[in-house]
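> Requesting a structural model of the entry that follows:
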Amino acid sequence: MKKIIGIMGAGEKEATQEDIECAYEIGKIVGLSGTVLLCGGMSGVMESSAKGAQEVGGLTMGIGPTKNKEDMNKYLDIPVLTGMHAGRNYMNVLSSDILIFINVASPGTLSELAFAIQLEKPIFIINYSSKLKEFLKDFTNHKITFLQKLEDLKNQI
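Numbering: from 1, shown residues only. Model (predicted):
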């Protein structure tokens, strides 16, 4: 059974250009690792990471909030429709063996981070704020790895 790497981050409305570029590069890393890239299936970080993985021959999967495949991004090999809106966030986290958070700039991404902590999943965060890092340090004993640069990720997955 293949390992599933969940890439969590904001959609196009909340994601920064830096987040989008970072997601694309992380997608390529995951795609080359022989694992499955899982995302929320929509735009922004989700689309950019799936594009990066697919361009290098990786397998991509999206657990989306919608009931229509046409709403999801075109870089998904396996679109999973839930019709659950934000409720699908739990499924994304539960299905992932490792989670990589690119910034935590939206309520949806924050909910996924909370689920990942509750489920004691391995967590990596890149493009984070000092406030988030300080909050999580005081909030949980769960091991969260804060990445300074993408190269640090290659040895972790």
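> hey, where'd the helices end up in the protein?
Secondary structure of the chain (DSSP state H): helices located at 17-32, 45-55, 88-95, 107-118, 130-139, 151-154.
> can you state the direction angle for the fourth one and helix 45-55?
Counting by axes from the mean of the first three to the mean of the last three Cα atoms, to 10 degrees, helix 107-118 points 70 degrees away from the direction of helix 45-55.
> and what of the first one?
In this structure, helix 17-32 runs at an angle of 40 degrees to helix 45-55, with the same axes, to 10 degrees as the basis.
> which residues touch helix 17-32?
5, 7, 9-10, 15, 37, 44-46, 48-60, 100, 102-103, 105, 126-127, 150, 153-154, 157 (Cβ atoms under 8 Å, 6 or more residues apart in numbering). For the C-beta atoms, the positions are set from N, CA and C on the backbone; glycine is no exception.
> Let me have the helices of the chain in TSV, adding distance to Asn73 and mean neighbour count as columns.
Shown next, in TSV, are the helices of the chain (distance: least, Cβ to Cβ, whole Å; neighbours: other Cβ atoms under 10 Å):
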stretch	distance to Asn73	mean neighbour count
helix 17-32	12	21
helix 45-55	4	27
helix 88-95	14	20
helix 107-118	15	19
helix 130-139	26	12
helix 151-154	22	13
